[in-house]
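Engineer: Attaching a predicted model along with its sequence, questions to come.
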Amino acid sequence: MPRSARKRPKKTPDAKAQGAGRIETKSRIRITRRQAALTLVALSLAYAFLAGFHTNSDPDMGWHMATGRYVVQHHVVPHTDILSYTSPGAEWIYPPFAGVLFYGIHSIAGYAGLTWFCALTLMVMVACLLPRPSSPECIQAAILAIFAIPILAHRIVPRPDLFSHLLFAVFLVVLWRFQHSKGANEGPWMSRSQLWLLPVLMALWVNLHPGFVAGVAAIGAYLLLESVELLFPARRTATMERLRRAWLPIAATLAATMINPFGYRNFPVAMGLAGLHPADPAKVEINITELETVPLSFRSLAAVLDWRNPDSSFWWLAIIAVVVVALALWRRRYGAAVLMAAALYAGFQRYRYNGLFAIVVVVVGAAVLTDALRRREETGDEAKAERSRPLDPRIAIVVLAVCLLTCVRSIDLMSSRSYILTTSGMLFGAGESSMFPERAADFIFHEHLPGNIFQAYNLGGFSAWRLGPTYPDFIDGRGVSPAVSNEYWDVIHSMPDSWTWQAEAAHRGINVVFLSLARNGGLGIPNLNSVCQGHMFRPVYMDEVSIVLLRDSPENRPWLDRLQLDCRTHQFTPPGTASRAELADFYANAGSIEFVLGRLDEARWALSRSAALAPEDPGVHLALAQVYISQQQPGAAEREFKTALSLRRDQEVVWYSTARFYVLYQRYAEALPLALTAAKVAPHPARAYELVGEIDLALHNNQEALEDFDRAEEAAASVYPGRERQNPSLYSEIAEGRATAYARLGDLNRAAEYQQEANRARGR
């Protein structure tokens, strides 16, 4: 039969229904743009909440709440230092009302309330950054927001900086969307009434945090974008119309910056805290890590490849920002290109600006990426149809990968893995970090210890909150007086029974010493053995995170006879109810203290217990390695060092400690590449370069050693400009290494000069 004469079999109704069912089933497994947007929005909001839901560990939280308590109790805004006994009456200008809010939350719901507040704030901020799910930008914005959340989580903690990031996000979103409107009736975001939110928010902002200057910068960015638009004749009319509608709300917003208790004096203080003008080199102050630059190094590449590490998000966003700048230039969106480039530059210039940079990437990056992906402008009907069409397979793969990444990171947060790996002092859940010595504070109050308290700098904020106003603090994170900062470093680096301590105790009426022993920023400053064996101050309380000492004097004999303890035999009691992660942290702290005190068997047991509970903590493996070295078990120590390296290859301390181990056993050829890697991954490689210099000296590479010491001093100067008091041991070791190198090279005069310099540094 000819092919043309063949008749196709007629489909029965059942066959048609089955075919339709197959088509419907096939379409059902393909996700639409709207479905993808809704999924990503839900994931990003959930991830934001989880990232913000952790124990409070910020050291400055305390003095903010102490200031808020003072305002509530005295009904006055302080203009001078009211927290310390070393700087009474010194001018202090800082908006206090964020502290009032935190104090109020704590009064109602305790530290758990602060955790919930921060988690919900982070979730609200992400919601502000995301457009509606029907928007063509929603998928891109949600993906970028997921990358930005780990960066923003570092900023959304119980400190006023939280409000600067939240309000900057609102400012940028309102101004950006208004600037991209084409008419007055394009929806609720496009009307001028939205701009009238800004002066109201600025009046709040200027009384919450000095970061209100970021809002002024957002307005400047908006005006820059409009100025660029004026260069294009076709866009000029619409631009002038927007400026006509915007000038009055913007003027009101700028005027609102003066609605604060300090008036115009708020501005220079805000500029200084933002790092926008250089500090007086004649003043020696506490180093503010947040104002340091983000170094480009080998560590950057390692972070990019470590997809499970939330800290890699900054580098991913930096790469995306570069792509956004290129796309914006290609699409002739010059204002967006300039804004994105400026935000990228600021993000590298100051750690403090990382969060603001991430916000700009989400808002501006999503718009530019969407514009680059769209081939043409869509009408309303076309846009609606596009939302219901299946996603492009390539975009679907990206969406799926981001969803999987978010789920893995969320699990890491809920299991506390992310916090354990970084030894951050935080854990997943509500409340206060175990690194804060609450039991020691209760002890001081319960025993009514007399006199002024000298506390470590990292306990300053905590002391102001928990012990004040009954016991004002010696120094806290505000760094009110540079002279007191210098005084603090001179004392803390002196031996406990030295003349410096005696003179300071007499001058300041110091009767109690309160020090942190927590692994996070406490243990070893000063040396615990020297503290425990001192005669001027005797230990009367110790737990796994703190120690309290009382001055040995006749007036204090009733307390000393009853409370004095022996550090060599003092036992640490684990908490009765604690999670697995909390117990691991307890044993890690206790074992570290026992190691410093020379109680090696006890230290080994406690650290092994911690490693069994939290095997992914590199700090525990490093501490165990040190115990094995002291017990003359180099094989076991090397095994622990290698385990730590397998867990965190981007941490300087892991490479540095392992290199030190090989130097100890004179395995210099193995130590050198490790020390060089430590210098590459270190944000501040002064110590690593000093160790490289030591190794080169051991290998008789004297000229290379001098170059290493030069690099170490240069790196130290970038962190401690004129601040040798903060790290005298580093400067003494650099000087001594140079003395040895010059002596070997036959330059005895310079060798003697540097040896004298080393002796002076050690004598501080």
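Structural biologist: Sure, I can see it.
Engineer: which ones are touching the closest residue to residue 502 other than its chain neighbours?
Structural biologist: Leaving out its chain neighbours, the residue that sits closest to residue 502 by Cβ to Cβ, 6 or more residues apart in numbering is residue 536, at 6.7 Å. No exception for glycine: its C-beta is placed from N, CA and C like everyone else's. By Cβ atoms under 8 Å, 6 or more residues apart in numbering, the contact list for residue 536 reads 496-497, 501-502, 505, 551-552.
Engineer: So which of those residues is the closest to residue 445?
Structural biologist: residue 551 (18.1 Å; Cβ to Cβ).
Engineer: Tell me the pLDDT of that closest one.
Structural biologist: Residue 551 carries a pLDDT value of 96.
Engineer: Test my guess that it contacts residue 451.
Structural biologist: Yes: in this structure residue 551 lies within contact range of residue 451 using Cβ atoms under 8 Å: 7.3 Å.
Engineer: Not counting the helix or strand containing residue 691 itself, show me its contacts.
Structural biologist: Assigned by DSSP states H and E, residue 691 falls within helix 686-698. For helix 686-698, contacts defined as Cβ under 8 Å, 6+ apart pick out 652, 655-656, 659-660, 663, 666, 668, 671-672, 675-676, 678-679, 682, 702, 704-706, 708-709, 711-713, 715-716, 719, 730, 733-734, 737, 740-741.
Engineer: tell me the mean pLDDT over it?
Structural biologist: The model assigns helix 686-698 a mean pLDDT of 94.
Engineer: Find residues that contact each of residue 551 and residue 451.
Structural biologist: 510-512.
Engineer: ok, the residues you listed vs residue 268, which is closest?
Structural biologist: residue 510 (33.7 Å).
Engineer: quick check, nearest of the shared contacts of residue 551 and residue 451 to residue 466?
Structural biologist: For the shared contacts of residue 551 and residue 451, with residue 466 as the reference and Cβ to Cβ as the criterion, the closest is residue 512, at 13.6 Å.
Engineer: Helices of the stretch 101-250 of the chain, residue ranges please.
Structural biologist: 138-155, 161-179, 197-205, 213-229, 233-256 (DSSP state H, counting those that start in this stretch).
Engineer: picking up where we left off before, of the shared contacts of residue 551 and residue 451, just the buried ones, PyMOL syntax please.
Structural biologist: The buried residues among those can be selected in PyMOL (16 or more other Cβ atoms under 10 Å) with this line:
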select buried, resi 510+511+512
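Engineer: So which of the shared contacts of residue 551 and residue 451 are in helices?
Structural biologist: Among the shared contacts of residue 551 and residue 451, none falls in helices (DSSP state H).
Engineer: those helices in the stretch 301-450 of the chain, which residues are they?
Structural biologist: 313-330, 334-349, 354-360, 366-373, 380-388, 393-414, 417-422, 438-447.
Engineer: Deepest in the core, which of those is it.
Structural biologist: helix 354-360 (a mean of 27; mean count of other Cβ atoms under 10 Å).
Engineer: Now tell me what touches that helix from outside.
Structural biologist: 129, 147-148, 151-152, 154-155, 165, 168-169, 172, 214, 294, 313-314, 317, 321, 339-340, 343-344, 346-347.
Engineer: Please apply the same query to stretch 603-617.
Structural biologist: By Cβ under 8 Å, 6+ apart, stretch 603-617 touches 417, 420-421, 423, 572, 580-581, 583-588, 590-592, 594-595, 620-621, 623-624, 627-628, 631, 647.
Engineer: rerun at 6 Å
Structural biologist: When contacts are defined by Cβ atoms under 6 Å, 6 or more residues apart in numbering, stretch 603-617 is touched by residues 420-421, 580, 583-584, 587-588, 590-591, 594-595, 620, 623-624, 627, 647.
Engineer: what does stretch 508-523 give?
Structural biologist: With Cβ under 6 Å, 6+ apart, stretch 508-523 has contacts from 425, 435, 449-456, 458-459, 537, 545-551, 589, 592-593.
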